[in-house]
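Peer 1: Fold the following, please.
(chains A, B, C and D)
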2 protein chains.
Amino acid sequence: MSELVNGTQAIDRASALLIHILESSTAPLLSELSRTHEIPKSTTSRMLGALERQGLVRRDRAGAFIAGDVLTQFARSQNHDSVLVARMHSVLEKLALSTGETSNLAVSSNGEMRLIDQVDSHYLLGATNWVGKRIPYHASALGKILLAYGAAIIPAGKLERLTPKTITSRPRLLIELENVRKKGFAIIIDELEEGLVAVAAPIREDDGRVVGAISISGPSARLTLRDLGKIGEVIIHEIHSLQVNHEGKIGAA
Amino acid sequence: MSELVNGTQAIDRASALLIHILESSTAPLLSELSRTHEIPKSTTSRMLGALERQGLVRRDRAGAFIAGDVLTQFARSQNHDSVLVARMHSVLEKLALSTGETSNLAVSSNGEMRLIDQVDSHYLLGATNWVGKRIPYHASALGKILLAYGAAIIPAGKLERLTPKTITSRPRLLIELENVRKKGFAIIIDELEEGLVAVAAPIREDDGRVVGAISISGPSARLTLRDLGKIGEVIIHEIHSLQVNHEGKIGAA
DNA sequence: ACAGTGGTTCCATAATATGGAACACTATAG
DNA sequence: CTATAGTGTTCCATATTATGGAACCACTGT
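Peer 2: Below you'll find the predicted structure:
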């Protein structure tokens, strides 16, 4: 390397190997790594050996390198949707209590939206089963949030019409998403189901990335457009006030 | 150092720092790391700088070290429940189709069981809302599996009685779990809800760790104990046959 | 038997990481 | 306002440490 010498060649190289391994979809062999990184076999072997001893990498049956226990463990603890659930559940409860309506938490992954937590309204309405159900992004408040903030991408193909109000034109959807970003929250009125309205706002990671959304939903009979706007602000406020307290803390493993 | 010299001091130390950061619940400062690992400040600084440049670690606003983008990205891609959902959905579908009953996928985290996927029976029965519902381990087939194979631990406190058949004695539960391990699947009959029966089997990671469970459930009117046993075997078979294809080949151990 | 893989170990070499010291900065205390 | 104790970064002479070529082992296919 022609770079100014930092005294970190070994770490730089080992890190590059590690990252290569983590980002590969197919587990690379030692020789492959050696070749692509232009590090002699002997050095590569020594380095991977060290990483392996530390548990940062592992070898599969074929001897190819994959993420080690330390990292899978980290991924497990870190990511699991339930960390989000744990962190946000109190917000859902507060919102459900103050509005009297149902509150949901959703994330996006593998191109699908998934509801992962819910606190029911004290009204008994619409307790349908969400597990395993595919709710379209374009027709839900949660989905609009995920789309608007880049946590999901607009799926290819036709935008399914679920009610006469559903937004089915892509240009109109884009305008709507721009609108969502401007306001900071998303609203649906009769777009998913006749008589169902909802409002949602984004959950941000420390670095600003949107990783999920929280919604309040109920029957249009009880919630006016004005109500929804107010609730939108409340959701934003509640999420935000939680995140300030939270800085570095994560649950124990 | 008195260790046998491997020529990997730098990598070993940097790895130790990285691991420390990943496993800490509260983000450590440079000086903390320097002290606990007995590495001089200057060296620690240089090493962490290298890891930071590579994106393996990051600093939060306070300057304390947390996992970097590469790793959060990895965690995100790796772990997310939805990877399990994606991998197992076809199994649920196959099972739901062949039995005609409802199939569920559950994981355990933060001390709670969570249903993360479902394929409905073609009978229209019991489509209740699972999202956000806490289903007790000891009274469900999925829960018994997660307990039996160490994917969850028996919660402290009383074992809630949900029906006359619910197992509420800890010794009896332990015996039941032993029984589950012996058979390889778990059954409930009227233990969660009168008239509801279910059978579940474990999903294993490559390394053998149980990370989730799949169940078939339905009304006792349709499913006899004998049926449940047979279905249990089928679930095990389906999960297993999926996993072999996934590994690619079965080499000599 | 041989050539072509993939991987490990050895060891002389010098390039590289090392760590003490000096420096910069921010609080909190006196 | 200076003192002090806490962060973290940079510098640089030093020798400890990582390096990489070569020899070596183990397989596999020809």
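Peer 1: is it true that residue A:103 lies in a strand?
Peer 2: Yes - applying DSSP: H, G, I helix; E, B strand; the rest coil, one finds residue A:103 inside a strand.
Peer 1: Pull the number of nearby residues for it.
Peer 2: Neighbourhood size, residue A:103 [other Cβ atoms under 10 Å in any protein chain shown]: 30. Just so you know, the C-beta spots here come from the backbone N, C-alpha and C atoms, and that holds for glycine as well.
Peer 1: beta partners for it?
Peer 2: With beta bridges defined as DSSP bridges, residue A:103 has these partners: residue A:119, residue A:216.
Peer 1: Could you report the pLDDT at residue A:148?
Peer 2: We have a pLDDT of 97 for residue A:148.
Peer 1: That one - how many residues pack around it?
Peer 2: When neighbours are counted by other Cβ under 10 Å, residue A:148 registers 27.
Peer 1: Against residue A:154, how distant is it?
Peer 2: The spacing between residue A:148 and residue A:154, counted by Cβ to Cβ, to the nearest Å, is 10 Å.
Peer 1: For the stretch 51-200 of chain A, what lies in contact range of DNA strand C?
Peer 2: Proximity of the stretch 51-200 of chain A to DNA strand C is confined to A:63, A:64 under the rule Cβ under 7 Å from any atom of the strand.
Peer 1: got any ranges where the stretch 51-200 of chain A has weak pLDDT?
Peer 2: For the stretch 51-200 of chain A, the stretches flagged by pLDDT under 70 are A:79, A:123-128.
Peer 1: quick one, strands of it?
Peer 2: Residue ranges of the strands in the stretch 51-200 of chain A, as given by DSSP state E, counting those that start in this stretch, are A:57-59, A:65-67, A:102-109, A:112-119, A:186-189, A:196-204.
Peer 1: so what's the residue nearest to residue A:177 when sequence neighbours are not counted up against?
Peer 2: Leaving aside its sequence neighbours, residue A:177 sits nearest to residue A:148 (Cβ to Cβ, 6 or more residues apart in numbering or on different chains; 4.3 Å). The neighbours of residue A:148, taking Cβ atoms under 8 Å, 6 or more residues apart in numbering or on different chains as the test, are A:177, A:178, A:180, A:181, A:186, A:202.
Peer 1: do residue A:21 as well
Peer 2: Residue A:21 makes contact with A:27, A:28, A:33, A:57, A:65, A:66, A:67 under the criterion Cβ under 8 Å, 6+ apart.
Peer 1: mind checking how far the residue lying farthest from the centre of chain A is from residue A:8?
Peer 2: Going by Cα atoms, centre = their mean, the residue of chain A most distant from its centre is residue A:42, 40.6 Å out. Counting by Cβ to Cβ, the gap from residue A:42 to residue A:8 is 20 Å.
Peer 1: Then residue A:90?
Peer 2: Distance from residue A:90 to residue A:8, by Cβ to Cβ: 43 Å.
Peer 1: before we move on, the earlier item: could you point out which of the contacts of residue A:148 is nearest to residue B:47?
Peer 2: residue A:202 (35.9 Å; Cβ to Cβ).
Peer 1: which stretches of the stretch 1-150 of chain A form helices?
Peer 2: Assignment of helices within the stretch 1-150 of chain A using DSSP state H, counting those that start in this stretch yields the ranges A:9-23, A:30-37, A:41-54, A:69-79, A:81-99, A:141-148.
Peer 1: Deepest in the core, which of the ones you listed is it.
Peer 2: Most buried of these by mean neighbour count (mean count of other Cβ atoms under 10 Å in any protein chain shown) is helix A:141-148; its value is a mean of 28.
Peer 1: angle of that helix against strand A:102-109?
Peer 2: Orientation of helix A:141-148 against strand A:102-109 (axes from the mean of the first three to the mean of the last three Cα atoms, to 10 degrees) gives an angle of 30 degrees.
Peer 1: so how far is helix A:141-148 from its chain's centroid?
Peer 2: 12 Å (Cα atoms, centre = their mean, to the nearest Å).
Peer 1: Could you do stretch A:133-145 as well?
Peer 2: That offset, for stretch A:133-145, works out to 14 Å (Cα atoms, centre = their mean).
Peer 1: got the contact list for it?
Peer 2: A:104, A:106, A:108, A:112-113, A:115, A:146-147, A:151-152, A:154-155, A:159-160, A:162-163, A:166-168, A:173, A:176-177, A:180, A:185-188, A:191-192, A:198-202, A:210, A:213-215, A:217.
Peer 1: Quick one, which of the strands of the stretch 51-200 of chain A gets closest to residue B:221.
Peer 2: That would be strand A:112-119 among these, by Cβ to Cβ, at 29.5 Å.
Peer 1: tell me the angle the closest one makes with helix A:81-99.
Peer 2: Relative orientation of strand A:112-119 and helix A:81-99, computed by the same axes, to 10 degrees: 50 degrees.
Peer 1: Please name every helix or strand in contact with strand A:112-119.
Peer 2: helix A:81-99, strand A:102-109, helix A:141-148, helix B:81-99, strand B:112-119 (3 or more Cβ pairs under 8 Å, 6 or more residues apart in numbering or on different chains; DSSP states H and E).
Peer 1: Quick one: neighbours of residue A:185, just the number.
Peer 2: Residue A:185 sits with 25 neighbouring residues when counted by other Cβ under 10 Å.
Peer 1: I figured it was touching residue A:237, is that so?
Peer 2: No - using Cβ atoms under 8 Å, residue A:185 is not in contact with residue A:237, being 10.8 Å away.
Peer 1: In chain A, spot the helix with the most residues.
Peer 2: Using DSSP state H, we find that the single longest helix of chain A is helix A:225-246.
Peer 1: That one: which residues count as buried?
Peer 2: A:227, A:228, A:231, A:232, A:234, A:235, A:236, A:238, A:239 (16 or more other Cβ atoms under 10 Å in any protein chain shown).
Peer 1: Quick check: closest non-adjacent residue to the second one.
Peer 2: Right, residue A:228. residue A:199 (4.4 Å).
Peer 1: Please tell me I have it right and the one you found contacts residue A:215.
Peer 2: Yes - at 6.5 Å, residue A:199 and residue A:215 qualify as touching, with contact defined as Cβ under 8 Å.
Peer 1: what residues are shared contacts of those two?
Peer 2: Residues within reach of residue A:199 and of residue A:215 at once, by Cβ under 8 Å, 6+ apart, are A:141, A:235.
Peer 1: Residue A:234 touches residue A:95, doesn't it?
Peer 2: Yes - under the criterion of Cβ under 8 Å, residue A:234 makes contact with residue A:95 at 7.0 Å.
Peer 1: send the alpha carbons of stretch A:146-155 over as PDB?
Peer 2: What follows is stretch A:146-155, C-alpha atoms only, in PDB (Å, rounded to 0.1, in the frame of the first residue of the first chain):
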ATOM      1  CA  LEU A 146     -41.400   2.600   5.600                       C
ATOM      2  CA  LEU A 147     -41.500   3.600   1.900                       C
ATOM      3  CA  ALA A 148     -41.100   7.300   2.500                       C
ATOM      4  CA  TYR A 149     -38.000   7.000   4.600                       C
ATOM      5  CA  GLY A 150     -36.200   4.300   2.600                       C
ATOM      6  CA  ALA A 151     -36.800   1.400   4.900                       C
ATOM      7  CA  ALA A 152     -38.600  -0.300   2.100                       C
ATOM      8  CA  ILE A 153     -38.800   0.100  -1.600                       C
ATOM      9  CA  ILE A 154     -41.900   0.200  -3.700                       C
ATOM     10  CA  PRO A 155     -42.500  -3.300  -4.900                       C
END
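Peer 1: In it, which residues are buried?
Peer 2: The neighbour-count check on stretch A:146-155 (16+ other Cβ under 10 Å) flags A:146, A:147, A:148, A:149, A:151, A:152 as buried.
Peer 1: quick one, what contacts the fifth one?
Peer 2: In other words, residue A:151. Applying Cβ under 8 Å, 6+ apart, the residues contacting residue A:151 are A:107, A:108, A:145, A:202, A:209, A:210, A:211, A:212, A:213.
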